[in-house]
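Participant: Structure for the following, please:
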Amino acid sequence: MELRRQQVTRYVTPLREGGSLPALAEADDGFKYVVKFRGAGHGTKALIAELIGGEVARALRLKVPELVMLDLDEDFGRTEGDEEIQDLLQTSRGLNVGLHFLSGALTLNPVVNQVDERLASRIVWLDAFLTNVDRTVRNTNMLMWNREVWLIDHGASLYFHHSWRDWEKAMLSPFPYIKEHALLRKASHLEEAD
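Facilitator: Coordinates of the predicted model:
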């Protein structure tokens, strides 16, 4: 897995949708990224899950925005007026994770947006495999961009690594949270996806 590494040059705006306080920022390559910060409440485990989940999805030929490593230097964010954001930026100095910003993308609504049953099955299979608890109707973590489904926010994947208790048993057990998956009703080809 080879990821580009860029320097964050400008904090644009916080994204209040996620619990990890992600933000839209610009990097020295001229592109905008959704930044997942190492200093956020979910910590570096969420960044590891983001990288692994996103790259596994990409290996399975699912659409995922490009993942990049983003550096925050010591001076970044010193002029930020919001104390909460300034604290987050200070505790996030060093390496963070970013997803290429898909300008104009809309949140996928599983009731409104038509998703092919085979694609839905592949996504549900992926999330069961990654133990992703965060692709529900309340928060699909899927976008519609250029008439295609794009997967974002794999930070809640690898559910087991937040508590290593009984991990061997969990590895061989069905993933119970998959019943909340936003696309489960459309996933009629799970055996084929497997």
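Participant: Got the domain ranges for this structure?
Facilitator: 5-100, 106-193 (automatic domain parsing).
Participant: Strands along the protein, start to end?
Facilitator: 5-14, 23-27, 32-36, 67-72, 94-100, 106-107, 142-145, 148-151 (DSSP state E).
Participant: okay if I get the domains of the chain as a markdown table plus mean pLDDT and mean neighbour count?
Facilitator: Placement of C-beta: from N, CA and C, glycine included. What follows is the domains of the chain, written out as a markdown table (pLDDT from 0 to 100; neighbours: other Cβ atoms under 10 Å):
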| stretch | mean pLDDT | mean neighbour count |
| --- | --- | --- |
| domain 5-100 | 88 | 17 |
| domain 106-193 | 90 | 17 |
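Participant: counting contacts, what elements does the longest helix seen in the chain pack onto?
Facilitator: Longest among the helix segments of the chain by residue count, using DSSP state H, is helix 43-59. Packed against helix 43-59 by the contact rule (3 or more Cβ pairs under 8 Å, 6 or more residues apart in numbering; DSSP states H and E) you find strand 32-36, strand 67-72, strand 94-100, helix 117-129.
Participant: Make a markdown table from those and add distance to Leu88 to it.
Facilitator: Shown next, in a markdown table, are the helices and strands packed on helix 43-59 (distance: least, Cβ to Cβ, whole Å):
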| stretch | distance to Leu88 |
| --- | --- |
| strand 32-36 | 10 |
| strand 67-72 | 10 |
| strand 94-100 | 10 |
| helix 117-129 | 28 |
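Participant: closest to Ala57 out of the ones you listed?
Facilitator: For Ala57, the closest of the helices and strands packed on helix 43-59 is helix 117-129, at 5.8 Å, according to Cβ to Cβ.
Participant: Kindly reformat the strands of the chain as CSV and extend each row with distance to Arg165.
Facilitator: Below are these laid out as CSV (distance: least, Cβ to Cβ, whole Å):
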stretch, distance to Arg165
strand 5-14, 34
strand 23-27, 33
strand 32-36, 26
strand 67-72, 29
strand 94-100, 26
strand 106-107, 34
strand 142-145, 30
strand 148-151, 28
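Participant: mind checking which of those is nearest Gly53?
Facilitator: strand 148-151 (8.4 Å).
Participant: which residues touch the residue lying closest to Met142 once chain neighbours are set aside?
Facilitator: Among residues not flanking Met142 along the chain, Leu108 sits closest, at 3.9 Å (Cβ to Cβ, 6 or more residues apart in numbering). Under the criterion of Cβ atoms under 8 Å, 6 or more residues apart in numbering, the neighbours of Leu108 are Val115, Thr140, Met142, Leu143, Met144, Val149, Ala182.
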